[in-house]
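> Any chance you could fold what I've pasted below:
(chains A and B)
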Amino acid sequence: MAAAAKAGEATLRHAFGNVLSFFILLLIGVLAFSIRLFSVIKYESVIHEFDPYFNYRVTQFLTKNGIYDFWNWFDDRTWYPLGRVIGGTVYPGLTLTAGTIWWLLNSLNIPLSVETVCVFTAPIFSAFASWATYLLTKEVKGAGAGLTAAALLAMVPSYISRSVAGSYDNEAVAIFALIITFYLYIKTLNTGSLFYATLNAIAYFYMVCSWGGYTFIINLIPMHVLLCIVTGRYSSRLYIAYAPLVVLGTLLAALVPVVGFNAVMTSEHFASFLVFIILHVVALVYYIKGILSPKMFKVAVTLVVSVGLVVCCAVIAILVALVASSPTKGWSGRSLSLLDPTYASKYIPIIASVSEHQPPTWPSYFMDINVLAFLVPAGIIACFLPLSDASSFVVLYIVTSVYFSGVMVRLMLVFAPAACIMSGIALSQAFDVFTRSIKFQLLRILGFSEADAGDGSSANVVPENDAVKVDKSEETIKERPSRKNKKKEKEQMEKAQAEKTSAKSKTEKRLLVLPMELSVIGLLLLVFMGAFYVVHCVWAAAEAYSAPSIVLTSYTHEGLHVFDDFREAYAWLRHNTEVDDKVASWWDYGYQTTAMANRTVIVDNNTWNNTHIATVGTAMSSPEKAAWEIFNSLDVKYVLVVFGGLVGYPSDDINKFLWMVRIGGGVFPHIKEPDYLVGLLLLFVETDGKGFDRVRRTEIGKKYFKLTHFEEVRQS
Amino acid sequence: MARSTGKDAQALFHSLRSAYAATPTTLKIIDLYVGFAVFTALIQVVYMAIVGSFPFNSFLSGVLSCVGTAVLAVCLRIQVNKDNKEFKDLPPERAFADFVLCNLVLHLVIMNFLG
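Predicted coordinates for the structure are as follows:
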């Protein structure tokens, strides 16, 4: 009777907890969505930056012409005269997602424009990403840690910076795909179900479609499998989690045109194949160990080792020869620059010139993840008590992502979910200990004679102890690796505990409980820390990361001044030039020019052809006659330059000029960098004396000259 | 030295054989299927070595489909094996249903990639 009542109350508590979790998750989703809307409120619903304009143009094409034309699209309005095969060089995940959402909404008769869908895709998917973080952390440490981690991810500034409303870039959906792939992998590892393995492969396919960073997944998971094998945690669930993923994943990755045969031929994927082979060898060894007697097994081992070593050496020699024959050892330029941070600056100036590819400074860590920087080490320790497959995976994830985020500031984005998971675990464990102490101390203060205090059990000292102990054993059970028999084990544990003596129960309680005052103060301090975090995140979202680079503001002595120069220039180009006119500019502005001005450009942000960019760079750095000849050979009619000296815009073409020289000099040896450092030869319109390089704080020489080969047509 | 290794190898072979003969027939059928899939993959690799790898996507999809069905069959064997304590609560029908689903996805991708 009492047991039935207790069981009934346990299910009621579970039901209440589930409903509460559901509402908390809903609120977290709303929070993640709304914190990213600052730029829509402050400026307007417009697409930001440079890359999103290309994605927007591609989505427009998709919605207008359908998927078959999109798959086979050859774009002749960029990289004149080369053109670009869009179908084969773009990661289609983002555009297909937004296109699907638009098509779905329109078929439901909700007529949203493509631009609105594109602008709001990122906030929607960040809400999904926080839910995925909840699921992932729940698999690692339980629902409480999951909710905390989800709440942290909804607000972390590093993720906000790449997913504000208007930042329509690959990372908007890719981070969601990353987290859900990891969640499904851990779920398969915990349950050993082939169904989740299939879902894992499909999620991995979505990740490959969305972002070039999928190589992180296909190298991290093999690393984790290797770690599990080496630390003696091999189990058949590991085989089921990894082997189908490799086969299905490679096939699905090869399906995406941008990856194609690179899925089997580049070094970025070799780790997965190597670990695939190693896993099979280990599985075979375990199987044979299981069916043989120990003596025969030893014989087998000596035999196999002597024969197998010879074969192994031969195979390795062939592999090494194959890999060493290619100049970059099979790695792509971007991946190599991750492994050797000085590679890009020596060999590929274009990769080195992108500001997102520079290493981050120390303050950027505190700007981007704030309070989490303190909680991450605590979370790592919490993952080790106890260590399970899932928690070892999360530890590996955070260690590798910390390294890569230290190499390239753009990869702070991959580090953010790991930091949130760790901090969520740490915070939730801390809250656990504090609230448990408070509850225990309160029960002790109110006296054991208070029979019905909180549990509804009979008026007796021993069952009271058992009830409190059952709570703790529930919490320790939460940390078990396999979720499958959780309920059965919990009931067994409860029965076992109920039969123990009260002396042992007293010692157990004493280990897990802190004094009352300490717990209350600790709880308050943790809440304050959370408050600081929230304040910082909202500030970062509102002030630091919500600027759409297409619209600029500056504070003059007259007040706030809004510049729409970019869009006015593009609109002028669109209305006052012929449809077939070619526009030359530095590659930063290529995407925006094609999207908004609808004119053919010479080079754009895709930067796939270094020589072409070097040609434009040479033209920008040469004297007028040479520049005119280069531009004439490319059929260029208009040249677009950006100059920020008048208003203090620091990121203009004068700032980028040195890169034009470097990149041009990388291909055309007559452009030598030292020539330009002393006396700059600029191809600029005459200004009214404001030739001031804001970044280097020097006056530029040779002002007030007249152009002989070029004519200024518009100045804003 | 060589003779003792030879004798050891023979003894090993015998013990392996007798231990394997004790496995139930259902598992032996799955093992046969795995062996058939791997053998087909090997034939395809030999064929490519002779004839050249021109439609590389066809070669890839052919080999990977054989390897994939082998891997999935091994997963099925793991889940259905009664000696496996981790999976004693999993009904074999569920294991087989998962196997069929995963194979469906695999072959859908193969047919798309075959070209």
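> got any ranges where the chain has weak pLDDT?
I went with chain A, as the question did not name one. A:1-2, A:323, A:325-338, A:340-356, A:448-512, A:555-556, A:558-559, A:644-650, A:671-716 (pLDDT under 70).
> sorry, should have said chain B
B:1-5.
> So is the longest helix seen in it next to chain A?
Secondary structure assigned by DSSP state H gives helix B:25-51 as the longest helix of chain B. No. Taking C-beta under 8 Å from any C-beta of the partner chain as the criterion, helix B:25-51 and chain A are apart, separated by no less than 10.7 Å. For glycine as for every other residue, the C-beta is placed from the backbone atoms N, C-alpha and C.
> What are the buried residues along that helix?
Buried residues in helix B:25-51, counting neighbours by 16 or more other C-beta atoms under 10 Å in any protein chain shown, are found at B:27, B:30, B:33-34, B:37, B:40-41, B:44, B:48.
> does chain B sit close to the helix or strand that contains residue A:312?
Take DSSP states H and E as the rule and residue A:312 turns out to sit in helix A:294-325. Yes. Judged by C-beta under 8 Å from any C-beta, helix A:294-325 comes into contact with chain B at A:296, A:299-300, A:302-303.
> can you put the buried residues of helix B:25-51 in CSV and add distance to residue A:187?
What follows is the buried residues of helix B:25-51, written out as CSV (distance: C-beta to C-beta, whole Å):
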residue, distance to residue A:187
B:27, 27
B:30, 25
B:33, 27
B:34, 26
B:37, 27
B:40, 32
B:41, 30
B:44, 34
B:48, 37
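> Backbone torsions only: list them for residue A:84.
phi -140, psi 130 (degrees, to the nearest 10).
> Now for it, how many residues are close by?
19 (other C-beta atoms under 10 Å in any protein chain shown).
> Pretty sure it sits against residue A:609.
No. Counting by C-beta atoms under 8 Å, residue A:84 sits too far from residue A:609 to count as a contact (9.1 Å).
> Grab the nearest non-local neighbour of residue 77.
As the question left the chain open, I've gone with chain A. residue A:600 (4.6 Å; C-beta to C-beta, 6 or more residues apart in numbering or on different chains).
> wait, I meant chain B there
Going by C-beta to C-beta, 6+ apart, residue B:77 has residue B:30 as its nearest residue, at 4.5 Å.
> Please report how far that neighbour lies from residue B:74.
Counting by C-beta to C-beta, to the nearest Å, the gap between residue B:30 and residue B:74 amounts to 8 Å.
> next one: residue A:438
On the measure of C-beta to C-beta, residue A:438 and residue B:74 end up 51 Å apart.
> These two: which is more packed in?
Higher neighbour count among residue A:438 and residue B:74: residue B:74, with 23 against 18, using other C-beta under 10 Å.
> mind listing the helices for the stretch 251-400 of chain A?
For the stretch 251-400 of chain A, applying DSSP state H, counting those that start in this stretch gives helices covering A:262-265, A:270-291, A:294-325, A:333-339, A:343-347, A:349-353, A:362-369, A:372-383, A:389-407.
> ok, which residues in chain A are in contact with chain B?
So chain A meets chain B at A:192-195, A:197-198, A:201-202, A:235-237, A:239-240, A:243-244, A:247-248, A:250-252, A:254-255, A:261, A:264, A:283, A:288, A:290-293, A:296, A:299-300, A:302-303, A:482, A:484-485 (C-beta under 8 Å from any C-beta).
> Going through these, which ones are buried?
A:192-195, A:197-198, A:201-202, A:235-237, A:239-240, A:243-244, A:247-248, A:250-252, A:254-255, A:264, A:283, A:288, A:291-292, A:296, A:299-300, A:482, A:484.
> Check which helices and strands the helix or strand hosting residue A:175 sits against.
Using DSSP H and E, residue A:175 sits within helix A:171-191. Here helix A:171-191 touches helix A:93-107, helix A:114-141, helix A:194-210, helix A:214-230, helix A:236-255, helix A:389-407, helix A:412-446, going by 3 or more C-beta pairs under 8 Å, 6 or more residues apart in numbering or on different chains; DSSP states H and E.
> so which of those helices gets nearest residue A:175?
Nearest to residue A:175 among these is helix A:114-141; the distance by C-beta to C-beta comes to 5.3 Å.
> Which parts of that closest one count as buried, going by neighbours?
Buried residues in helix A:114-141 (16+ other C-beta under 10 Å): A:114-115, A:117-141.
> ok, then the element right after that helix?
For helix A:114-141, the following helix or strand on the C-terminal side (DSSP H and E) is helix A:143-155.
> Most proximal residue of the stretch 51-200 of chain A with respect to chain B?
residue A:194 (3.6 Å; C-beta to the nearest C-beta).
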